[in-house]
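**Q** Kindly generate the corresponding structure for this input.
(4 chains)
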4 protein chains.
Amino acid sequence: MDLKRINISNKLVPDNYLKLAQNAQKSRETEERELLEKRKLPINGWTDDHIEELLQQLSLLDSNNFPKKAGVGEREARIACSLVARRHYNFGHGIGRSGDLMEAQPKAAGSTLIANLTNCLLLDLIHEMGIRSCRACFLAPLATGMSLMLCLLTLRQQKPLAQYVVWSRIDQKSCFKSIITAGLKPLIIQPKLDDYGSLSTDLFAFSKMVQDVGVQNILCFCTTTSCFAPRNCDDIIEVAKLAAEVAIPHLVNNAYGLQSTYLTHQLEQAQRLGRIDLFVQSTDKNLMVPVGGAIIAGFDEQLVRNVAKAYPGRASSTQTLDVFMTLLSLGRSGYLNLVKERKTNFEYLRMRMREFAKNNKETVFENKSNPISLALSLKQLQDYDLDLTKFGSMLYTRGISGARVVNVAEQRVIEGHEFIGWGTHHSQTKTAYLTMAAGLGITKAEIDSCFEKLKESWQDFLKSSKKK
Amino acid sequence: MDLKRINISNKLVPDNYLKLAQNAQKSRETEERELLEKRKLPINGWTDDHIEELLQQLSLLDSNNFPKKAGVGEREARIACSLVARRHYNFGHGIGRSGDLMEAQPKAAGSTLIANLTNCLLLDLIHEMGIRSCRACFLAPLATGMSLMLCLLTLRQQKPLAQYVVWSRIDQKSCFKSIITAGLKPLIIQPKLDDYGSLSTDLFAFSKMVQDVGVQNILCFCTTTSCFAPRNCDDIIEVAKLAAEVAIPHLVNNAYGLQSTYLTHQLEQAQRLGRIDLFVQSTDKNLMVPVGGAIIAGFDEQLVRNVAKAYPGRASSTQTLDVFMTLLSLGRSGYLNLVKERKTNFEYLRMRMREFAKNNKETVFENKSNPISLALSLKQLQDYDLDLTKFGSMLYTRGISGARVVNVAEQRVIEGHEFIGWGTHHSQTKTAYLTMAAGLGITKAEIDSCFEKLKESWQDFLKSSKKK
Amino acid sequence: MDLKRINISNKLVPDNYLKLAQNAQKSRETEERELLEKRKLPINGWTDDHIEELLQQLSLLDSNNFPKKAGVGEREARIACSLVARRHYNFGHGIGRSGDLMEAQPKAAGSTLIANLTNCLLLDLIHEMGIRSCRACFLAPLATGMSLMLCLLTLRQQKPLAQYVVWSRIDQKSCFKSIITAGLKPLIIQPKLDDYGSLSTDLFAFSKMVQDVGVQNILCFCTTTSCFAPRNCDDIIEVAKLAAEVAIPHLVNNAYGLQSTYLTHQLEQAQRLGRIDLFVQSTDKNLMVPVGGAIIAGFDEQLVRNVAKAYPGRASSTQTLDVFMTLLSLGRSGYLNLVKERKTNFEYLRMRMREFAKNNKETVFENKSNPISLALSLKQLQDYDLDLTKFGSMLYTRGISGARVVNVAEQRVIEGHEFIGWGTHHSQTKTAYLTMAAGLGITKAEIDSCFEKLKESWQDFLKSSKKK
Amino acid sequence: MDLKRINISNKLVPDNYLKLAQNAQKSRETEERELLEKRKLPINGWTDDHIEELLQQLSLLDSNNFPKKAGVGEREARIACSLVARRHYNFGHGIGRSGDLMEAQPKAAGSTLIANLTNCLLLDLIHEMGIRSCRACFLAPLATGMSLMLCLLTLRQQKPLAQYVVWSRIDQKSCFKSIITAGLKPLIIQPKLDDYGSLSTDLFAFSKMVQDVGVQNILCFCTTTSCFAPRNCDDIIEVAKLAAEVAIPHLVNNAYGLQSTYLTHQLEQAQRLGRIDLFVQSTDKNLMVPVGGAIIAGFDEQLVRNVAKAYPGRASSTQTLDVFMTLLSLGRSGYLNLVKERKTNFEYLRMRMREFAKNNKETVFENKSNPISLALSLKQLQDYDLDLTKFGSMLYTRGISGARVVNVAEQRVIEGHEFIGWGTHHSQTKTAYLTMAAGLGITKAEIDSCFEKLKESWQDFLKSSKKK
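**A** Presented below is the predicted three-dimensional model:
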């Protein structure tokens, strides 16, 4: 609004009152201009109403919100339910165009702008978190599993005859299924189990697999950074070196690794010393938005672009909107604060866990390359006759969510592949354990409350069970 | 809220005033109970505030909203930006579980409930629209192109060696790309062009292709119902018969066909007389929600379930929420009204287009099996020296969105396949034309305004150009 | 947002897509400019998101929303609960200044602007509705009763010794109480009851009262336009003539009269031919906003201003916000449509009531000067032994709200004044009756449903009772 | 929602997931039940979505939200603009009934419940803040000035011939105007000025005034607690003793005094040892809601009720809603925390001000009975030739709001009464000064920023001016 016009003809407001307001308005305009020109995270977060004002202005640029429009297409972004329109700020056209997820949508200049700008801000964030060599990224309105699959399918377009994915075992279904659903065949590399129960990448097995199967038959290596302890982050630097050496693409599942400077450092080094083609991270875990999006990033702009192009058709703009709003709301300093607090809380969690272990004759696994998740042995409980899953229920009923009780005996066949010791990432695991993670946004109070409830559950378990 | 408690001890409100309010409350509770028990579309739409109240109650069932929780997992659905939390009614956990999109999410009973209920309501809607034999469906948080790809990948799991998709040509990129990105090979069947410019399925070519390529090498047939005139709805009944005969799966792209009882009737008949395995429709076009979701439906429950299982990982619950809210808001009668109005407006659009054609020496193509889109020849304009795309711009600048000016000369190579006459679905199209559609939600006023602007643009074009 | 900046340096959106969006943006800016410059009702209503965008921009002009402020006053419009801030669009400072309700608030340029602009729009509306001579008005954040009291107290400042208000009886408490609470003494003029049960102003009694009490002792005449049938609108033209003749101020309670062109015509004529000082109307009844505001208007700018000045301290800006939003949302055409529909529905209500009367041997009172409310005799029911209030309950329980069953026997002492036949506006009323009104926003469907339920209740009453 | 019904017939959600959700639901229901039964502030604040859920449920109890209603009254709480309906949670009927602000509104059981419950919570808050003897209070949808006027008019109904209000001078217009507009006459008691510039109640002048004017002619004493330094809180204990002795009602303007335990203690003691009839406090200053409401409280239930009864007509429910939401959101502990922080920040403000005074050869006035506002002498600046108001502008332009520069020379005639030294509360003030207050919600950061800017402004002033 042009403040100078307000008092044209007759005064609505005394001029001097307006002058002060003008300063406030200018400061907002400066923030907007900087965002549009620099396309970097604002240093400080924006206020809620500033974010909403920007969204309203941008949504006006989409054709479904043009005041005088006659829509005779098959898809006009009409929204039937006003609550739905409202929660999407009247954005209806989604993003992308049939050919390409990153292409501008002619009917939706506003949505296009937000999509492109969000990708710029995400690249800035990736740089800020330490992956300085990253060249391009985009927000895929798909959760991590689907995004990994899209990467695999894109890689396959370049190497249509290669059917194998060499995969460092991690016992989490969705990554594994993304290989299967893509119509590819996984070659499973079991991690090495050291004396302390920690699991690391078996590099030798990687090399051997390449020799055995042949470079031309291997579509890519697939490694994982963030994972449940006692599995460590894969040794992606060494895998990357091998990938470079044998010229095999390397896809990294960085699910919740963007929040950890340790893991981003691994990625940066791996690329500098070897080869990473694409790495994928989930938006919900790293940016605290609802589940549903992933950031697909890489070190070669064209390859990243190709992944976007492989996406057939338009897509939801909801994930973009969530991420855009969150990044504006946090700003750089807000995000870095969260990162710092998480690290502090991880240390606190470890301290509390060690204390608990000491008091109960258990151990905390020493997994040095896992900066997020920790595992506590459950040796004592294993000796009792009550099923360990009961212990898990006890925790959950008390409000501890996310802690996982992992038993050693489980065996599972998934899509025709047998996994011994499912859940432990290894066929030889002997000791049951409990994992806990310090994810972005965790608070000290939660950790305190968690150990209080853990203690109660522990006692309850011992009471309601007896030694085998 | 238990009204009886309000006046315990001392009165806050006179009892008789409360009695009346109780009736209102009861009527709401009845609506809720019926929804949860019958799992069918409510006859009449719900009010906005009732919808929001239900969502708030359901969101309380998700663990991230439990008052006393300690989250020590890697993913706890914490939401950083309060605006984002608000617009998602505090739902953060998405839907599905790593194994399966339709599986219950243990941390999110509320989200799970909405997802399951929405699938029930959608099945009811599909039945209501005439596809009575449909056995199962689910809302995929993927737009149509990706959903088709997921169907193809699922079909492939059962027939891993078949690489070909026999596809009745339709010049719209996203369906074609879904075949390519899936790593499959399209076998393109060009439609037949009749004397009036109308395009129908070339059944003979279908049979011949099967003979030439071999049943064992063909993954499936892929046909399309809703499309731009003058292409007609594929003759899916006959293709279905062939599919049944030769035992080849049949996937139907029903992009915006759920809104037309003519097209749903075709689907129902095709299944009764032949074979359809899966049919996919977009939620934005058929349910007036923002772009981003599709309904994947079929006649065999297990197959539909397999598609859901092929989806790796959790997924966004946004599309579910939009559809759930919209279905409650419209109710059965609201939706059927929209369907009826659309049909009336389609007739009106055709009448206006014929009138315009008559006044300007043009023709409306006679495509009898297309109940949504119409095409008007642009013979006169083809004779002028100005590029026809200028005419398209003139329309768009005046606010006509969705009308497409289709020129005859275009040639395009897409993913290595050459398309002559791209945009016209046929290599032999001689006459340029303009398409318009009467999609769900269109109004008579829009059509009137459209023809007013069309007239202006027509005159402008003739004025600013001269005969070749 | 300056669209030209969007594509500075690198393109975020193709230029030609932006160009179209620019037109949409311009059309919005034009609406804003016209509003601020002309200060008249927009011809057509604004969209919701345009209204919200304007509010967000204006709220930024209030000091509590300045980004860098240090508040060391006793009142800084801090808002503790974010839901409250949100529902008030972050406006917190209210309107007015300790001295004067219409004075600009230095800390709140945005609130001041809205308040002044709303008063301009209301004056335009009053003119549009036919009271062309009206010179000034303002929105008081007080319901009608308090507003009348403020008018009386203001008039009293000019004539401190006059204690009497000559008041044409209307049996509605709040107007009467406004006289009492102001510390004044009512002189009650009972209306004349004609043979058909209709009630009109007793002009002779007015003149006589002036003679008896003395001009110097009479603060003002107080008349009422809109009221429950069978009372008519007071004959304000004649009272105004008398007021002019004897130089006594004349205050008109126009509670819900602004919605009727008949009543506004009376006001305009009364002022032209006689004297009206101030007239007051409620915002909820005339503008369909929540209860809480009134428009105080008059024909002398200074007098209206004096009323605003008599208001001690700041006041809520909520009523202003509601009215501002509603006027923008409806626009002139929206409001005039409501006015027209109401009139049509009033005719329909009368037709249905006459029909019902005929079928049940009752009469509709012929009150020619009441264009909103109608009364139906309840002679038949009076002969039964069941209390008539039961009949009222029957109606209400069935969802008929606002219909009033008026019994003849009631007697009531209010603030020391005895009213015989309370509720009927007259001590001699013989026939009980039922009143119904066609207020702004009523629908034909409501009237239909009302008579259906009335019929049921009538039968129920006769069944559950017997003739006396 | 009845969770048990969810899984009737077929399962929508696994039972064990629902069990956990049930606990969450129960804890919410317990909070609701306790609120409705105990009618006291909840110990801890409620979440936003719980507050909104309760409001939605309550709004359903109002007749305008009944699903099947036929409104044939003149006032049916129809809301034209959906944004307005939304921001009021569909509450439209206001509170009260024509006779009485505290009476139940038959059409609005929900609104009535909220109004009554809010009054209960406010009484609990008043007790909690230390005024244990308080017997009744209600929220008036009027700012403080109007509320004081309503109190005066109510007192007058009991003593119709008494015209005088003995008023301890405070230079703030709205309290003074409330006396004038009520049609009463102020008798102004100037405070005593001590050697340190501090201002205290002149008790002797009070007694003398009673003797001079006569008890029967004095309507009431009017004193003020919270005020700008260097005026102190009136010595209300002694005035109350006198009031008891001579049997004159005593009205206290406790504008922003509820936030200070020092001031509430004065009120409690004054009532115990003497007489206070009514005390009034603003909701915006004490509860951090938008301007527009006041709490009228007293020690005699019937008198407080009489004030409510004097209010003619219904009233806005907006203020009630704001206060209700805020009290639920803060809870007791939230409010007491704010109170504590304010006190700490007041001490910090004083420390910083003393420091600044020392560095600039100024003094902080020693006003011991003012726990909120502080005054800093401006002796140095008085000697310069630039107008002191310029200094005020300098501060305001820098974003310091609420600081007041008070010059000594001002003289003002208000409603016929001459005030010498207007703004200083005394005719003899010699030294100009600057006041600052630590109001509820102030932050340490604001104070720091304020002194930084003060320093800058001070230097600017000295630079741009020269000694007289």
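**Q** use CA for all of it now, contacts and neighbours both
**A** OK.
**Q** Does at least one residue of the longest strand seen in chain A sit close to chain B?
**A** When chain A is parsed with DSSP state E, its longest strand is strand A:218-224. No: for strand A:218-224 and chain B, the contact criterion (C-alpha under 8 Å from any C-alpha of the partner chain) is not met; the two come no nearer than 13.1 Å.
**Q** Can you tell me the SS state at the residue of the stretch 1-150 of chain A found nearest chain B?
**A** Closest residue of the stretch 1-150 of chain A to chain B, C-alpha to the nearest C-alpha: A:G73 (3.4 Å). Secondary structure, DSSP: H, G, I helix; E, B strand; the rest coil: A:G73 is coil.
**Q** Would you agree it is in contact with B:G399?
**A** No: with contact defined as C-alpha atoms under 8 Å, A:G73 and B:G399 do not form a contacting pair (11.9 Å).
**Q** Look up how far D:S465 lies from A:L155.
**A** For A:L155, the distance to D:S465 (C-alpha to C-alpha, to the nearest Å) stands at 74 Å.
**Q** err, A:T261, not the other one
**A** Distance from A:T261 to D:S465, by C-alpha to C-alpha: 55 Å.
**Q** quick one, which of those two is more surrounded?
**A** Legend: neighbour count by other C-alpha atoms under 10 Å in any protein chain shown for A:T261 and D:S465, higher for A:T261 (18 against 14).
**Q** Over to the residue nearest to that one when sequence neighbours are not counted: give its phi and psi.
**A** Computed as C-alpha to C-alpha, 6 or more residues apart in numbering or on different chains, the closest residue to A:T261 that is not its neighbour in sequence is A:M129, at 6.1 Å. Backbone torsions for A:M129, taken as degrees, to the nearest 10, come to phi -80, psi 0.
**Q** Compute the distance between A:M129 and chain C, please.
**A** Distance of A:M129 to chain C, computed by C-alpha to the nearest C-alpha, to the nearest Å: 24 Å.
**Q** these two touch, right, that residue and A:T264?
**A** Yes: between A:M129 and A:T264 there is a contact at 6.6 Å, judged by C-alpha under 8 Å.
**Q** Which strands or helices does the helix or strand following the longest strand of chain A pack on?
**A** The helix or strand immediately downstream of strand A:218-224 is helix A:236-246, counting by DSSP states H and E. Using 3 or more C-alpha pairs under 8 Å, 6 or more residues apart in numbering or on different chains; DSSP states H and E, the elements in contact with helix A:236-246 are helix A:203-213, strand A:218-224, helix A:261-273.
**Q** tell me the most buried of the ones you listed?
**A** For the helices and strands packed on helix A:236-246, the largest average neighbour count (mean count of other C-alpha atoms under 10 Å in any protein chain shown) is found in strand A:218-224, namely a mean of 25.
**Q** So which elements touch that one?
**A** On a contact count with 3+ C-alpha pairs under 8 Å, 6+ apart, strand A:218-224 meets strand A:164-168, helix A:236-246, strand A:250-253.
**Q** Would you indicate which residues of stretch A:387-397 are buried?
**A** The neighbour-count check on stretch A:387-397 (16 or more other C-alpha atoms under 10 Å in any protein chain shown) flags A:L388, A:F391, A:G392, A:M394, A:L395, A:Y396, A:T397 as buried.
**Q** now check that stretch, is it near chain B?
**A** No: Stretch A:387-397 lies out of reach of chain B by C-alpha under 8 Å from any C-alpha, never closer than 9.3 Å.
**Q** wait, does that stretch contact chain D?
**A** Yes: Stretch A:387-397 comes into contact with chain D (C-alpha under 8 Å from any C-alpha), by way of A:T397.
**Q** Residues contacting that stretch, please?
**A** The contact list for stretch A:387-397, computed with C-alpha atoms under 8 Å, 6 or more residues apart in numbering or on different chains, reads A:381-382, A:401, A:403-405, A:407, A:453-454, A:457-458, A:461, D:20.
**Q** Now do that stretch: distance to the chain's middle.
**A** In this view, stretch A:387-397 has its centroid 28 Å away from the chain centroid, taken as C-alpha atoms, centre = their mean, to the nearest Å.
**Q** Dump it to PDB, keeping only the CA atoms.
**A** Written as PDB, here are the backbone C-alpha positions of stretch A:387-397 (Å, rounded to 0.1, in the frame of the first residue of the first chain):
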ATOM      1  CA  ASP A 387       9.100 -60.800  26.100                       C
ATOM      2  CA  LEU A 388      11.200 -57.700  25.400                       C
ATOM      3  CA  THR A 389       8.500 -56.200  23.300                       C
ATOM      4  CA  LYS A 390       6.500 -55.800  26.500                       C
ATOM      5  CA  PHE A 391       9.300 -53.500  27.700                       C
ATOM      6  CA  GLY A 392       8.800 -51.500  24.500                       C
ATOM      7  CA  SER A 393       5.100 -51.200  25.200                       C
ATOM      8  CA  MET A 394       5.700 -50.100  28.700                       C
ATOM      9  CA  LEU A 395       7.800 -47.200  27.400                       C
ATOM     10  CA  TYR A 396       5.400 -46.200  24.800                       C
ATOM     11  CA  THR A 397       2.400 -46.300  27.100                       C
END
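**Q** one step back: with mean pLDDT as added columns, please give the helices and strands packed on helix A:236-246 in a markdown table.
**A** What follows is those, written out as a markdown table (pLDDT from 0 to 100):
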| stretch | mean pLDDT |
| --- | --- |
| helix A:203-213 | 98 |
| strand A:218-224 | 98 |
| helix A:261-273 | 98 |
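**Q** The ones you listed into CSV, with extra columns for distance to A:I170?
**A** Below are the helices and strands packed on helix A:236-246 laid out as CSV (distance: least, C-alpha to C-alpha, whole Å):
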stretch, distance to A:I170
helix A:203-213, 15
strand A:218-224, 8
helix A:261-273, 17
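**Q** Let me know which of these is the nearest to B:G96.
**A** The closest of these to B:G96 is strand A:218-224. By C-alpha to C-alpha, the value is 22.0 Å.
**Q** who does that closest one pair up with?
**A** Applying DSSP bridges, strand A:218-224 is found paired with strand A:164-168 (parallel), strand A:250-253 (parallel).
**Q** So which of the ones you listed is the most surrounded?
**A** When the strands paired with strand A:218-224 are scored by mean count of other C-alpha under 10 Å, the highest mean neighbour count falls to strand A:250-253 (a mean of 24).
**Q** Neighbours of A:S464, how many?
**A** A count of neighbours around A:S464, defined by other C-alpha under 10 Å, yields 10.
**Q** check contacts around it.
**A** By C-alpha under 8 Å, 6+ apart, the contact list for A:S464 reads A:L386.
**Q** surely A:A315 meets A:L142?
**A** No: in terms of C-alpha under 8 Å, A:A315 does not count as a neighbour of A:L142; the distance is 9.2 Å.
**Q** and chain A, which of its residues are near chain D?
**A** Within chain A, the positions lying close to chain D (C-alpha under 8 Å from any C-alpha) are A:L20, A:T397.
**Q** before we move on, back to that, now the common contact residues for A:M129 and A:T264.
**A** By the contact definition C-alpha under 8 Å, 6+ apart, A:M129 and A:T264 are jointly contacted by A:L258.
**Q** related to what we said a few turns ago, the residue of the stretch 1-150 of chain A closest to chain B - nearest residue in space that isn't next to it in sequence?
**A** Nearest residue to A:G73 in three dimensions, chain neighbours excluded: B:G402, at 3.4 Å (C-alpha to C-alpha, 6+ apart).
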